[in-house]
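*Asks:* With the sequence up front, the predicted model follows.
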Amino acid sequence: MLTLISATPSPYARKVRIALTEKGIPFTLQTEVPWDSTTQTPQYNPLEKLPVLILEDGKTAVYESHYILEWIEAKYPDRAPKLLPPVERVDDRLFAKQVEVVADGICDALVLALFEKRREHISDPWLARQMRKVDGGLRQLAQWVGDDGKEFLVGDDLGLADIAIGAVCGYLAVRWPDHTWRKQYPNLEKYWANLEKRESFKKTVPSPQNMVDKIV
Ligand SMILES: N[C@@H](CCC(=O)N[C@@H](CS(=O)(=O)O)C(=O)NCC(=O)O)C(=O)O
């Protein structure tokens, strides 16, 4: 059986957990704190990041969330829902991947900002730069979601774009509860709240983790 190395707050790992659950692909969840010395992540990923999908042989590993999702689509071509539209809809496929780029980029900036805030001497310009990326990215996601009350971003079923946006909104709600995005973009919040009603989202709601080792 597949094993997914994950962490409770990880928005990247949540994308993979949602996709595997939606597609009915069984997997064992191995929850870790990638920042702690106890993590197994470096044994499988030279970049020392989770999520990591360990294959049935217990040795081969697939890592980097967007690549793991591509791998799942390629290896389980018949499992619905498809994360991307059919190959002939090139522009829709590219758009879905662009949405994931922005959603993941917001998460990247949030992670950098989180750790910056843990430093003894915080660099305000660096923190401001990260939050600018978060705000700019959210503005773009809200623009793409629009005000027509669409349930899914691309096509009429859950796809990559929805999973990526759902993961970043869920991460913000847990890690940045005071951020004003929900007031600024009620359309984005409404679209996200609808996604959170799905079983795959309910089963993967992020939660904070305790980091033991000092890393900044
Ligand atoms: N681009 C990567 C980012 C993954 C990532 O940053 N994971 C964090 C954990 S979490 O922020 O998702 O909870 C990690 O393992 N960090 C350890 C490290 O960067 O050394 C992906 O999409 O998989």
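*Replies:* Great, that's in hand.
*Asks:* ok, which stretches of this protein are strands?
*Replies:* Taking DSSP state E as the criterion, the chain carries its strands at 2-6, 27-31, 52-54, 61-63.
*Asks:* Quick one: work out the angle between the first one and strand 27-31.
*Replies:* Meaning strand 2-6. When axes from the mean of the first three to the mean of the last three C-alpha atoms, to 10 degrees is applied, the directions of strand 2-6 and strand 27-31 differ by 30 degrees.
*Asks:* what's strand 2-6 in contact with?
*Replies:* 13-14, 16-17, 20, 25-32, 39-41, 44, 50-56, 58 (C-beta atoms under 8 Å, 6 or more residues apart in numbering). (Each C-beta comes from the backbone N, C-alpha and C, glycine too.)
*Asks:* Make a PyMOL selection of the buried ones in those residues.
*Replies:* The PyMOL command for the buried members of the contacts of strand 2-6 (criterion: 16 or more other C-beta atoms under 10 Å) is given here:
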select buried, resi 13+14+16+17+20+27+30+32+39+41+44+50+51+52+53+54
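*Asks:* May I have stretch 73-84 exported as PDB, CA atoms only?
*Replies:* C-alpha atoms of stretch 73-84 as PDB (Å, rounded to 0.1, in the frame of the first residue of the first chain):
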ATOM      1  CA  GLU A  73      -3.000  11.200 -12.400                       C
ATOM      2  CA  ALA A  74      -0.500   9.300 -14.600                       C
ATOM      3  CA  LYS A  75      -0.400   6.100 -12.600                       C
ATOM      4  CA  TYR A  76      -4.200   5.900 -11.900                       C
ATOM      5  CA  PRO A  77      -5.600   7.300 -15.200                       C
ATOM      6  CA  ASP A  78      -9.000   5.700 -14.600                       C
ATOM      7  CA  ARG A  79      -9.700   7.100 -11.100                       C
ATOM      8  CA  ALA A  80     -12.200   9.900 -11.000                       C
ATOM      9  CA  PRO A  81     -12.400  12.700 -10.400                       C
ATOM     10  CA  LYS A  82      -9.700  13.600 -12.800                       C
ATOM     11  CA  LEU A  83      -7.600  16.500 -11.500                       C
ATOM     12  CA  LEU A  84      -7.300  18.000 -14.900                       C
END
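*Asks:* ok, now how distant is E64 from the ligand?
*Replies:* Distance of E64 to the ligand, given as C-beta to the nearest ligand atom, to the nearest Å: 5 Å.
*Asks:* number of nearby residues for that residue?
*Replies:* For E64, the count of nearby residues is 17 (other C-beta atoms under 10 Å).
*Asks:* mind listing what it touches?
*Replies:* Applying C-beta under 8 Å, 6+ apart, we find E64 in contact with 47, 49.
*Asks:* Need the strands of the chain in JSON lines (columns: mean pLDDT).
*Replies:* Compiled in JSON lines, the strands of the chain are given as follows (pLDDT from 0 to 100):
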{"stretch": "strand 2-6", "mean pLDDT": "98"}
{"stretch": "strand 27-31", "mean pLDDT": "98"}
{"stretch": "strand 52-54", "mean pLDDT": "98"}
{"stretch": "strand 61-63", "mean pLDDT": "98"}
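*Asks:* Would you format those strands as JSON lines with distance to E151 included?
*Replies:* Below are the strands of the chain laid out as JSON lines (distance: least, C-beta to C-beta, whole Å):
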{"stretch": "strand 2-6", "distance to E151": "27"}
{"stretch": "strand 27-31", "distance to E151": "26"}
{"stretch": "strand 52-54", "distance to E151": "28"}
{"stretch": "strand 61-63", "distance to E151": "30"}
